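1. Here's my sequence, what's the structure:
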Amino acid sequence: MIIPPGWSGVAFGTATEGDARRDPVALAAFRAEGVPDRLAFATQVHGATVAEVLAPGNVGEADSLFTTSRGLTLCVATADCVPVAIGGEGFAAIVHAGWRGLAAGVVSATVERLRHRGLDPVRAAIGPAIGPCCYEVGPDVLDRLGRFAAETTSGTPSLDLRAAVRDQLGDLEVWSSDRCTLTDPELVSYRRNRTTHRQVALTWLPTV
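-> As a prediction, the model looks like this:
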């Protein structure tokens, strides 16, 4: 489990911790580490829908969740996409950001929705994701997000997803993991082996 330094109420899981959305054993393991087990998640569709969450369970199609309810854990699942936790006084938010979601502006839409709701996002934590070292992409992707073009270690065109996330976060204080899902054997990667497994990212408002 990866805990951003200085944060309470954020945890990025690894392959070992498992998928708390679907596995009661995984959920129990997170609970043993202090994560509230009232879990809310979405059907992720690589879009820019932001959902306010009031109760546990599947909230429907969305790629960004936020709550002002204490003791309610928000969850997104990833296997190369970027999990992003956004924090501030009185709320918690979590975003699933792949290239399609970033092209649609899912991170900036979350920040804007929070502010429209009267909340003040001040910092963000970016979890493990596929790095520009490995995220080879074609011209269709670069046509949408070419400002964040990079190069893989083998010299082919790639995309820096974390840079795109940082751009949409604007002036928020940002902590970022540097772990690449494809090269790190402790992390799940769809690009590595077309796995159907996912790791989860969790955020919540502590009860005390």
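
2. mind listing the strands for this structure?
-> 10-12, 39-43, 50-52, 57-61, 64-67, 73-78, 82-88, 91-97, 123-126, 149-151, 157-159, 173-176, 199-203 (DSSP state E).

3. List the contacts of the closest residue to residue 114 other than its chain neighbours.
-> Computed as Cβ to Cβ, 6 or more residues apart in numbering, the closest residue to residue 114 that is not its neighbour in sequence is residue 121, at 5.0 Å. C-betas here are computed from N, CA, C, even on glycine. Applying Cβ atoms under 8 Å, 6 or more residues apart in numbering, we find residue 121 in contact with 86, 87, 88, 93, 110, 111, 114, 115, 172.

4. Mind giving me the ChimeraX select for the residues you listed, buried ones only?
-> A single ChimeraX command selects the buried members of the contacts of residue 121 (16 or more other Cβ atoms under 10 Å):
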select :86,87,88,93,110,111,114,172
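
5. Most widely separated two among the contacts of residue 121?
-> 87 and 115 (13.9 Å; Cβ to Cβ).

6. What residues sit buried inside the lowest-mean-pLDDT helix or strand in the chain?
-> The helix or strand of the chain with the poorest confidence is helix 24-32; it has a mean of 87 (mean pLDDT, DSSP states H and E). Neighbour counts using 16+ other Cβ under 10 Å place 26, 27, 29, 30 of helix 24-32 among the buried residues.

7. For the chain, which residues score under the pLDDT cut-off?
-> 208 (pLDDT under 70).

8. Taking the centroid of it, which residue is nearest it?
-> In the chain, the C-alpha nearest the mean C-alpha coordinate belongs to residue 83, at 1.4 Å (Cα atoms, centre = their mean).
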